[in-house]
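>>> From the sequence below, what's the structure:
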Amino acid sequence: MAELKDRIATETVEALKAGEKVRVSTLRLLTSAIRNREIEVGRELSEDEVLEIAAKEAKKRRESIEAYGAAGRQDLVDKESAELEVLQVYLPEQLSDTDIDAIVDEAIAATGATGPGEMGKVMSAVMAKAKGKADGKVIQERVKAKLGA
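Residues are numbered from 1 along each chain as shown. This next block holds a predicted model:
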């Protein structure tokens, strides 16, 4: 069984005993997403796959925060922010802007990309290295800026 999955289960029980409602509900949603994926693929997930699901759940929260913020729904922004805070604990440390720029420069050099038309090649190279450690939107903005798109 994946170590991270065990940790999530243990921390769900701890949160339940401590009466931390937001943490309990967020961890249950994460556990449910993991279980659903396991059913889908017909096997137990690896550590990386569990991390991928946690990252996907965190991304959903970030997008919701953005949407609710634009709609002026501070109550929902607060709720999603609290859930995102719980999920952050399970994600790998995020790359700094400097690290992202270095990876983008390296990918541009490796692919020989010279313009915006080759953005796809660069993005796939960068995402392979930065998987789960940086937001795809941030990476896309950096690649666009470097390729002059």
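>>> give me every residue that touches residue 28.
Residue 28 sits next to residue 12 when contact means Cβ atoms under 8 Å, 6 or more residues apart in numbering. Any C-beta I mention is one placed from the backbone N, CA and C, and that applies to glycine too.
>>> Can you tell me the SS state at the residue of the chain most remote from its centre?
Centroid-distance maximum for the chain: residue 114 at 29.0 Å, with Cα atoms, centre = their mean. Of the three states, residue 114 takes coil according to DSSP: H, G, I helix; E, B strand; the rest coil.
>>> Give me the secondary structure label for residue 36.
Assigned with three-state DSSP, residue 36 falls in the helix class.
>>> so residue 101 makes contact with residue 139?
No - using Cβ atoms under 8 Å as the test, residue 101 is too far from residue 139 to be in contact (10.1 Å).
>>> The residue most central in space within the chain is in what secondary structure piece?
Geometric centre of the chain, nearest residue: residue 55, 2.6 Å, by Cα atoms, centre = their mean. Assigned by DSSP states H and E, residue 55 falls within helix 47-70.
>>> list the helices and strands that helix packs on?
When contacts are defined as 3 or more Cβ pairs under 8 Å, 6 or more residues apart in numbering; DSSP states H and E, helix 47-70 packs onto helix 3-18, helix 21-41, helix 74-88.
>>> residues of the following helix or strand past the last one that come out buried?
Right, helix 74-88. Once helix 74-88 ends, the next helix or strand along the chain (criterion: DSSP H and E) is helix 97-111. Residues of helix 97-111 classed as buried: 100, 103-104, 107-108, 111 (neighbour count, 16 or more other Cβ atoms under 10 Å).
>>> can you check stretch 116-123 too?
118-119, 121-123.
>>> per-domain residue ranges of the chain.
Using automatic domain parsing, the domains assigned to the chain come out as 3-88, 97-147.
>>> Mind putting those into CSV with mean pLDDT?
Shown next, in CSV, are the domains of the chain (pLDDT from 0 to 100):
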stretch, mean pLDDT
domain 3-88, 92
domain 97-147, 80
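>>> so what's the closest residue to residue 30 other than its chain neighbours up against?
Among residues not flanking residue 30 along the chain, residue 57 sits closest, at 5.6 Å (Cβ to Cβ, 6 or more residues apart in numbering). By Cβ under 8 Å, 6+ apart, the contact set of residue 57 is 29-30, 33, 87.
>>> Would you mind checking those for buried ones?
Looks like the contacts of residue 57 have 30, 33, 87 buried, using 16+ other Cβ under 10 Å.
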